[in-house]
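> sequence unavailable; structure follows:
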């Protein structure tokens, strides 16, 4: 009898302990659900705020664009269709664009180069005959056909003429690295502070800091469509120039600020070296 009572008591204790554990688990689950719901609610509020903020930014951007549009559009039109009275000679700022074909070993070669002045007037526009054998004209992109090579300029001549035109100028263009490569322009010829590359300008990059195509930028900022079929180097040079000109003041201010910062850094380094030589400390400028 006593043994049965003990067993009954032990079973009861075990049942109670089990109930306590289940109760604790239930409380824990309830608490977790509350925390998850609170987290989800905060995320939803944050998402709505972000959505509203983005909408407001888009609205502000549209309003700003509408205010600037008449003046901007007039400037853009004057670049794409230069007025007859616009200056036709060389200017301190020029825009360049190159079309390329494929030659031996699947490399790029210059096949057409166009340079326009600050007003969009054509300074140079010639087809160029590569020194290597052309294996693919890429006509659907380059717009270059075999018959264009008949009266094309030899590469060396075109290169020399372009170098002469571009020397000392501020050069505008889109993704200029490729253009400089086929024109054989190195860093010794083109200083970084003279380059205005629309693919590298932060305003014209996407939210992740990546370059956008000239076609996309032209449609978005200039309200024009280009490159519907094959490319035209004159049109592309003018598009890059127009993108530069509508942001010219802001862009040049950034260049000046960067230049000032670099000069300041170099001067401070030089002073630091002199101070180190004389065994003194230099405070930050």
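Nice, I can see it. As the structure is a computational prediction, the values presented were derived from the model and not from experiment. Residues are numbered from 1 along each chain as shown.
> my guess is residue 143 meets residue 111, correct?
No. Residue 143 lies out of contact with residue 111 (CB atoms under 8 Å); the separation is 9.1 Å. The way it works is simple: take the backbone N, C-alpha and C, and place the C-beta from them, glycine included.
> just name the shakiest helix or strand of this protein by mean pLDDT.
Between all helices and strands in the chain, the lowest mean by mean pLDDT, DSSP states H and E belongs to helix 2-80, at a mean of 66.
> what's the following helix or strand after it?
strand 93-103 (DSSP states H and E).
> partner strands of that following strand, parallel or antiparallel?
Sheet pairing here is set by DSSP bridges, and for strand 93-103 it gives strand 107-116 (antiparallel), strand 134-136 (antiparallel), strand 170-173 (parallel).
> can you name the element that comes right after the second one?
Yep, that's strand 134-136 we're talking about. helix 139-142.
> what's the average pLDDT for that following helix?
For helix 139-142, the mean per-residue pLDDT is 96.
> show me the helices in the stretch 101-250 of the chain, by range?
139-142, 155-166, 176-182, 214-221, 233-246, 248-278 (DSSP state H, counting those that start in this stretch).
> which residues touch the first one?
Residues lying outside helix 139-142 but in contact with it, judged by CB atoms under 8 Å, 6 or more residues apart in numbering, are 99-101, 111-112, 145, 229-231.
> how about 7 Å then?
99-101, 111, 145, 230-231 (CB atoms under 7 Å, 6 or more residues apart in numbering).
> is it true that residue 111 touches residue 129?
No. Using CB atoms under 7 Å, residue 111 is not in contact with residue 129; the gap is 8.1 Å.
> which one of the two has more residues nearby?
residue 111 (28 against 20; other CB atoms under 10 Å).
> I'd like the distance between the more buried one and residue 174.
18 Å (CB to CB, to the nearest Å).
> can you check residue 76 too?
15 Å.
> what about those two, which has more around it?
Using other CB under 10 Å as the criterion, residue 76 and residue 174 rank with residue 174 on top: 29 against 24.
> who's in contact with the more buried one?
So residue 174 contacts 197-199, 214, 236, 240 (CB under 7 Å, 6+ apart).
> nearest residue to residue 144 in space, please, no chain neighbours.
Among residues not flanking residue 144 along the chain, residue 111 sits closest, at 4.5 Å (CB to CB, 6 or more residues apart in numbering).
> for residue 197, that is, sorry about that
residue 176 (4.8 Å).
> surely that neighbour touches residue 198?
No. Residue 176 is beyond contact range of residue 198, at 8.8 Å (criterion: CB under 7 Å).
> have a look at these two and say which one is more surrounded.
Applying other CB under 10 Å to residue 176 and residue 198 shows that residue 198 carries more neighbours, namely 28 against 24.
> residue contacts, the more buried one?
By CB under 7 Å, 6+ apart, the neighbours of residue 198 are 174, 204, 217, 240, 243-244.
> residue contacts, the nearest residue to residue 177 once chain neighbours are set aside?
Spatial nearest neighbour of residue 177, chain neighbours left out: residue 197 (7.9 Å); criterion: CB to CB, 6+ apart. By CB under 7 Å, 6+ apart, the contact list for residue 197 reads 173-176.
> export those to JSON lines and tack on distance to residue 86 and pLDDT?
Converted to JSON lines, the contacts of residue 197 look like this (distance: CB to CB, whole Å; pLDDT from 0 to 100):
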{"residue": "173", "distance to residue 86": "20", "pLDDT": "98"}
{"residue": "174", "distance to residue 86": "22", "pLDDT": "98"}
{"residue": "175", "distance to residue 86": "27", "pLDDT": "97"}
{"residue": "176", "distance to residue 86": "24", "pLDDT": "97"}
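> check what pLDDT residue 237 gets.
pLDDT, residue 237: 99.
> take the contacts of helix 139-142 and, keeping just the buried ones, write it as a ChimeraX select command.
Here is the ChimeraX command that picks out the buried ones among the contacts of helix 139-142, judged by 16 or more other CB atoms under 10 Å:
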select :99,100,101,111,231
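> out of the contacts of helix 139-142, the closest to residue 40 would be?
For these, the closest approach to residue 40 (CB to CB) belongs to residue 231, at 49.6 Å.
> ok so, going back, any idea which of the helices of the stretch 101-250 of the chain is most buried?
helix 233-246 (a mean of 25; mean count of other CB atoms under 10 Å).
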